[in-house]
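S.K.: Coordinates only, no sequence provided:
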């Protein structure tokens, strides 16, 4: 199976700041990568698919990039409603998820 | 409007079988490209994909759990089912069903609210 290593595990940032979360795959996943946001007590919500495509209705301050084994999620101008956990997921092989990043406000 | 909702046994004893139902609306499992997956998440931990079933009755299973999983669907009634045999405490988690609609691209654009399952003696 393809292992997904996500970093950092937790992150503290200020309102208006730019935040970047990284995800590394154990082998090339050819842009088969999605990012999800999960708020406490809620189900995950799709943000990004195909590494850099913004899902319908997702604010444009969210963006994804990367290729090969290295991918990142960037949040520009952090808002209070962005406080959540974020997960990457590869689908080049059967789906596997990163361990998650918990984003808090500083 | 796409919605999914999970239901199933809330508390089980070790060695019992877990049966889960995903009832959905706003799409059909007979439409080309549509699949429904089961994904679980132990409290405070990460996500684990378990299995999926697709419009063409194709099925996929997580290799580490394949021997214990069985997925099926009732297209007419817009439901998908998952059975997990011989549960133990490690199966305690919130179980989600989720939809994917791009053939060959298993990312999940709609999720259910989840159902909590506890395995305890």
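M.R.: Nice, thanks for sending it over. If you're wondering where the values come from, they're calculated on a predicted model, not measured in any experiment.

S.K.: Pull out the buried residues from stretch A:33-44.
M.R.: Counting neighbours by 16 or more other Cβ atoms under 10 Å in any protein chain shown, one finds that the buried residues in stretch A:33-44 are A:33, A:34, A:35, A:36, A:37, A:38, A:43, A:44. Heads up, the C-betas are built off the backbone N, CA and C, glycines and all.

S.K.: What parts of chain B come near chain A?
M.R.: When proximity is defined by Cβ under 8 Å from any Cβ of the partner chain, chain B lies next to chain A at B:37, B:39, B:46-49, B:60, B:62-64, B:96, B:98, B:102, B:105-109, B:111-114.

S.K.: Whichever of the residues you listed end up buried, select them in ChimeraX.
M.R.: Selection of buried members from these for ChimeraX, criterion 16+ other Cβ under 10 Å:
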select /B:37,39,46,47,48,49,60,62,96,98,106,107,108,109,111,112,114
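
S.K.: So which of the residues of chain B next to chain A sit within strands?
M.R.: B:37, B:39, B:48, B:49, B:60, B:96, B:98, B:111 (DSSP state E).

S.K.: Flag the least confident of those residues.
M.R.: Within those, residue B:60 has the lowest pLDDT, namely 95.

S.K.: who touches that one in this structure?
M.R.: Applying Cβ atoms under 8 Å, 6 or more residues apart in numbering or on different chains, we find residue B:60 in contact with A:94, B:51, B:52.
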